[in-house]
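Participant: For reference, the sequence and a predicted model appear below.
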Amino acid sequence: MTTKKQPRVDVKKTYKLFINGAFARSESGRVFEVTAKNGDFIANPALASRKDLRDAVTAARAAQSGWAKATAYNRGQILYRIAEMLEGRAEQFESEIALTSQITAAKAKAQVTDAIDRWVWYAGWSDKLQAVSGATNPVSGPFFNFSISEPQGVIAIASDVSFIDFIDAIAAAVVSGNTTVVLVPGSLAVPAMTFAEVLATSDLPAGVINILTGSLDELAPWAASHMDIDGFDISGINKKKHGELKVAGAENLKRIHAFSTGQSPTRILAFMESKTVWHSVGV
Amino acid sequence: MTFEYAPAPESRAIVSIKPKYGHFINGSFVAGKKHFPTINPATEEVLSLISLGGVSDVDKAVAAAQKAYTKSWSKLSGKERGKYLYRIARILQERAREFAVLETLDNGKPIRETRDIDIPLVAAHFFYHAGWADKLDYAGLGHSPKAYGVAGQIIPWNFPLLMLAWKVAPALATGNTVVLKPAETTSLTALLFAEVCQQAQLPDGVVNIVTGDGSTGAAIVNHPGIHKIAFTGSTEVGKKIARAIAATDKKATLELGGKGANIVFDDAPVDEAVEGIVNGIFFNQGHVCCAGSRLILQESIAEEVIEKLKVRMSKIRVGDPLDKNTDLGAINSKEQLVKIKELSAIGDAEGAQRWSPQCNLPDKGFWFAPTIFTGVTQANRIAQEEIFGPVLSVLTFRTPQEAIDKANNTPFGLSAGIWSEKGSRIFWASQHLKAGVIWANTFNKFDPASPFGGYKESGWGREGGKHGLAAYLKNGKETGAK
Amino acid sequence: MSFYGLVDGSEKSLLKFLEQLSGVDQVGADSRAAMLATRSIKTTSKKWAIDTAISMVDLTTLEGADTPGKVRALCSKAVRPDPIDPTVPSVGAICVYNDMVEIARTHLDAIGGEHVPVAAVSTAFPSGRASMEVKIQDTQDAINAGAAEIDMVIDRGAFLAGKYGMVFDEIVKIREICGEKAHLKVIFETGELVTYDNVRKASYLAMLAGADFIKTSTGKVAPAATPPVVLVMLEAVRDFYTITQRKIGVKPAGGIRTTKDAIKQLVLVNETAGPDWLTPQLFRIGASALLNDLLMQRMKMSDGYYASPNYVSID
């Protein structure tokens, strides 16, 4: 008996959310469809709900003090590890971005190499932030007085649909010791969930970066009003909607920022808080 | 034998208060339409009539500030701008006693504090920021950071002139012009400061002062010609401002409320800790956003510290704010006194034990004896809400981690104190406290070189030091909104 | 032996006791003292303070050049500081070297100054560097000559070397010599102990060993009776009273030259140890030049115009 060789059916990925280091389906059971430029079906990413957001915030809060307490050297190494893992899967990211977004393959390739280099750049910041943002303050009196910058806590990110902006927002928030809940819009879900796989193999503690795919319109207001979120990067949200989010965020005086350019230490410092310590000096 | 200190009142002769004040707009005083009285809270004597600024007054002030910004102030080099600030600092030093007496009359705080703390710090603030004016390139905010234009500044009544200095000095040093509204109950020193601006020959319109109430403040916040808001006051109003400017490009610095934890470990220098506790909550009648209003004592020494604290509290001299020996002056307003009484009554109702030393409070004016509540728990309202008066809530802890957990268990994050003779413990505690200003073996110290501001609901941004400059310069933290 | 039931006199028990004392934050103590120095003492309270301060002065001469004539003149001044104004109180004591005690006592008794005690500096003052036998003899001589108060120095070398037991034992022995005849003041020479922690430790060592007074300095070393040092000592006597119900006196000495300085000291007493200590039985000021400034200020208070040194005696 001879068997005719059949074309292989490839194994597709089930898209889930990335919460507390684990891949979980949305509690809502909802998904949305991502298609290629030509309309071909690509994936059904999870459409995260506000309850998923709540769970992600819980995970981020639980992870925050540990991540902030890790030495700057350690955080730097983990961010560098993310770059290493990203490099190894560069081709996959290039094809996913090219397939799902409106940019060309060449531009997709450029974005991925930029993204890798960006992680290297941020990794190096972890142990230099204090040197550029801190100060010893010459007060008039017998006191040693210094200012240091600390992470604010849990930062929500409403990411722009561009992969490189997604990377900038996350890296800027976590390098200082914040943990994040990243809201990912539309087709970015595909490379974003692949990126979650990178994170899962990068020694990153569970809960430091949580990724929710779905609708920014649906989730951003919940993030803005969530009282256990300290900061909100709304760079991915249309400026017309900033007002209502800031109104909601005023309830706990969330630090809400939007950025037009990515790579800058000011973006890191925007989600840090300056602490000044006085100590008496005597014998 | 008893050593009674005879009255030692500072002379009022050094100040001359006009019967009525207008606004200070474009370099001169402009008569207001409506007026309200400002009183001495220690005697309820009416000191003067203050103009109630409306939308049109704010319009005029903003127009003057805009014109000053484009025509003169933004064209002036940092070097020359700085010299105006130096002039102001020197004139403030020359007229320090006059300002101290006026502040005490209008605010009710003791002359010892206005003379030794408020006014010297005011001058220091201008002197410090004067030197920044031509060095902004080195402030870590990029090359040639730019001013916003017109800054709208709203200040509280607890440190009237000092809060003016915290706002005006960095704004001018960074090249902004100013529309400032002093607090309703304490406008007089701001209006005297206007005279200092005139003596310093500060270009017209660089500093404009519009007096009034909350509605005047709202007119400033909502004015489209203002690009930067700086507010010090309650968290409640701070949130209102955040909402009001949400849909605009206005930037805001907010210095808001607090419920500062003053943690005393069992190895603390006890006598100095007791002084620090007293200074933490009774300085300025407890009208201090960063007051150490929650005393968190290690249980093993709680009894000893409370006993010593009571002995020390009975030495606090309450009375005439103009008396040089007064430690605790008048509560700033009837409204504030009512609030303090209400929250204290809640403390009683919650079962905490209230204690105050024997003291004879004057018949007239607004007074509240120094008070501690012991047996307070985290669940009590007096452990959570800002009383903004001379009322201390005492809690205890068993382990260092528990102290930190209790200290951080609040939506506020402005200040904290640590008392310990162990260096490593101090650094550990200061790392774990979520507060913008931490005092180790001291409390309530301020300096223009030292950034001040809070975490969480205690506000946005910092004032003072290198960090405070970012609040008034465009190349600050954000790289631009989309 | 038991000292107030708090220590047994052994090195070990002393160490244990001193270890549990809380530290002193220098900045905090300095700022408290500085704040109290701003107290404004005027009119009636100033008048009261000046007379009180006069009654607390240990009028002192401790010079190699001291002669009987000089000591007698000082005694006259001690009894009647202002010869024209009898309402001026006598000073707290005359303080001299032990060889001058008899001269002082005799002269005081001769001029109606029986109520003014003579204090003698002792134990190889000011350095304290002598054998115990010499220190005991030094003290005994002074008492035999009529000293009612002994101002002994501690062995600072032993203290700084951590030999607290040795410091303690010396005080105990001198206390025994004093017996019922003389009050014991223990001088620390705080300028040599340097830290406030040491001042606090020395205060407790002396109090536990039986001192009636603790005294800052010999007057031969600067800094001497700085307000924060006196503050720390006043805190010690206050807390010691809480534990033992015994009131120990405090004597700042050295550097207190003006009425203003003296009033600052009284304010420190009033607001730290409390009004109970505002008596010559519990607070003395070791000084020489101070008395004349107090007298001049007193004249200003009563006459209404500023005084001249020509009107107070230089003795």
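Facilitator: Looks like it arrived, so ask away.
Participant: nearest spatial neighbour of residue 92, skipping sequence neighbours?
Facilitator: I'll assume chain A. A:Thr194 (6.1 Å; CB to CB, 6 or more residues apart in numbering or on different chains). (Each C-beta comes from the backbone N, C-alpha and C, glycine too.)
Participant: meant chain C actually
Facilitator: C:Pro280 (4.3 Å).
Participant: Thought A:Glu96 was touching the residue nearest to A:Gln92, still the case?
Facilitator: Yes. Counting by CB atoms under 8 Å, A:Thr194 touches A:Glu96, with 6.0 Å between them.
Participant: Have a look at these two and say which one is more surrounded.
Facilitator: Taking neighbours as other CB atoms under 10 Å in any protein chain shown, A:Thr194 and A:Glu96 compare with A:Glu96 leading, 25 against 17.
Participant: Isn't that one up against A:Phe195?
Facilitator: No. Using CB under 8 Å, A:Glu96 makes no contact with A:Phe195, being 9.7 Å away.
Participant: which stretch of helix or strand covers whichever residue of the stretch 201-315 of chain C sits closest to chain A?
Facilitator: Here the residue of the stretch 201-315 of chain C nearest chain A is C:Pro228; by CB to the nearest CB that distance is 10.3 Å. C:Pro228 is part of helix C:227-244, with elements assigned from DSSP states H and E.
Participant: returning to that earlier point: does the residue nearest to A:Gln92 fall in a helix, a strand, or a coil region?
Facilitator: On the three-state scheme (DSSP: H, G, I helix; E, B strand; the rest coil), A:Thr194 is labelled helix.
Participant: What distance do you get for it to chain C?
Facilitator: 57 Å (CB to the nearest CB, to the nearest Å).
Participant: list the contacts for that residue?
Facilitator: By CB atoms under 8 Å, 6 or more residues apart in numbering or on different chains, the contact list for A:Thr194 reads A:89, A:92-93, A:96.
Participant: Of those residues, select the buried ones using a ChimeraX command.
Facilitator: Restricted to buried positions by 16 or more other CB atoms under 10 Å in any protein chain shown, the ChimeraX selection for those reads:
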select /A:89,93,96
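Participant: which residue does the stretch 51-200 of chain C bring closest to chain A?
Facilitator: C:Thr195 (5.2 Å).
Participant: which helices and strands does the helix holding C:Pro228 pack with?
Facilitator: Under the contact criterion of 3 or more CB pairs under 8 Å, 6 or more residues apart in numbering or on different chains; DSSP states H and E, helix C:227-244 touches helix C:26-36, helix C:196-208, strand C:213-215, strand C:249-251, helix C:259-271.
Participant: Excluding its own residues, what touches the fourth one? List them.
Facilitator: Right, the one you point to is strand C:249-251. With CB under 8 Å, 6+ apart, strand C:249-251 has contacts from C:58, C:151, C:185, C:212-216, C:230, C:233-234, C:237, C:269, C:273, C:277, C:281-286.
Participant: For that strand, give the mean pLDDT please.
Facilitator: Mean pLDDT, taken over the full extent of strand C:249-251, equals 98.
Participant: And the residue of the stretch 1-150 of chain A closest to chain C?
Facilitator: Closest point on the stretch 1-150 of chain A to chain C, by CB to the nearest CB, is A:Pro142, at 4.9 Å.
Participant: How many residues are close by that residue?
Facilitator: 14.
Participant: For it, give me its contacts.
Facilitator: Going by CB under 8 Å, 6+ apart, A:Pro142 touches A:280-282, C:26-27, C:30.
Participant: Check what pLDDT it gets.
Facilitator: pLDDT at A:Pro142 comes out at 98.
Participant: distance of the residue of the stretch 51-200 of chain C closest to chain A from chain B?
Facilitator: 12 Å.
Participant: ok, now C:Ser313?
Facilitator: Between C:Ser313 and chain B the distance is 28 Å, computed by CB to the nearest CB.
Participant: Nearest residue to the middle of the chain?
Facilitator: Defaulting to chain A. Nearest to the mean C-alpha position of chain A, by CA atoms, centre = their mean, lies A:Ile170 at 2.8 Å.
Participant: Hmm, no, I was thinking of chain B.
Facilitator: B:Phe159 (4.5 Å).
Participant: Please work out how many residues are found near the closest residue in space to that one that isn't next to it in sequence.
Facilitator: Using CB to CB, 6+ apart and skipping the chain neighbours, the partner closest in space to B:Phe159 is B:Asp118 (6.0 Å). Around B:Asp118 there are 25 other residues, counting by other CB under 10 Å.
Participant: hang on, B:Asp118 in a helix?
Facilitator: Yes. Per three-state DSSP, B:Asp118 lies within a helix segment.
Participant: What residues sit buried inside stretch A:58-67?
Facilitator: A:58-61, A:63-64, A:67.
Participant: export it as CSV, just CAs?
Facilitator: What follows is stretch A:58-67, C-alpha atoms only, in CSV (Å, rounded to 0.1, in the frame of the first residue of the first chain):
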residue,chain,number,x,y,z
THR,A,58,-3.6,42.4,41.2
ALA,A,59,-0.7,40.5,39.7
ALA,A,60,1.3,43.7,38.9
ARG,A,61,0.8,45.0,42.4
ALA,A,62,1.9,41.7,44.0
ALA,A,63,5.1,41.7,41.8
GLN,A,64,5.9,45.4,42.3
SER,A,65,7.9,45.5,45.6
GLY,A,66,10.0,42.5,44.6
TRP,A,67,10.8,43.9,41.2
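Participant: For the stretch 151-283 of chain A, which residues are neighbours of chain C?
Facilitator: Listed as neighbours of chain C in the stretch 151-283 of chain A under the rule CB under 8 Å from any CB of the partner chain: A:280-283.
Participant: quick one: pLDDT of B:Asn284?
Facilitator: 98.
Participant: go on, C:Met1?
Facilitator: In this prediction, C:Met1 has a pLDDT value of 60.
Participant: which of the contacts of A:Pro142 sit farthest apart?
Facilitator: Using CB to CB, the pair of the contacts of A:Pro142 lying farthest apart is A:Val281 and C:Asp30, separated by 11.1 Å.
Participant: quick one, which of these two is more surrounded?
Facilitator: A count of neighbours by other CB under 10 Å puts C:Asp30 above the other of A:Val281 and C:Asp30, at 19 against 13.
Participant: Apart from its neighbours in sequence, what residue is nearest that one?
Facilitator: Nearest one to C:Asp30, counting by CB to CB, 6+ apart, is C:Pro228 at 5.0 Å.
Participant: residues contacting that neighbour?
Facilitator: Per CB under 8 Å, 6+ apart, neighbours of C:Pro228: C:26, C:29-30, C:32-33, C:196.
Participant: Comparing the helices and strands packed on helix C:227-244, which comes out most buried?
Facilitator: strand C:213-215 (a mean of 28; mean count of other CB atoms under 10 Å in any protein chain shown).
Participant: Strand partners (parallel or antiparallel) of that strand?
Facilitator: strand C:183-187 (parallel), strand C:249-251 (parallel) (DSSP bridges).
Participant: and of the ones you listed, who's closest to A:Ala106?
Facilitator: Here strand C:249-251 is closest among these (CB to CB), at 86.7 Å.
Participant: residue ranges with poor pLDDT in the chain?
Facilitator: Chain wasn't specified; assuming chain A. Low-confidence segments of chain A (pLDDT under 70): A:1-2.
Participant: Chain C was what I was after
Facilitator: Low-confidence segments of chain C (pLDDT under 70): C:1.
Participant: tell me the centre residue of it?
Facilitator: C:Lys251 (2.5 Å).
Participant: What separation is there between that one and C:Gly286?
Facilitator: For C:Lys251, the distance to C:Gly286 (CB to CB, to the nearest Å) stands at 6 Å.
Participant: Spell out which residues are contacts of both of these two.
Facilitator: What both C:Lys251 and C:Gly286 touch, as defined by CB under 8 Å, 6+ apart, is the set C:58, C:151, C:215.
Participant: How about the secondary structure of the second one?
Facilitator: Assigned by three-state DSSP, the conformation of C:Asp151 is strand.
Participant: Tell me the bridge partners for it.
Facilitator: C:Val121, C:Lys185.
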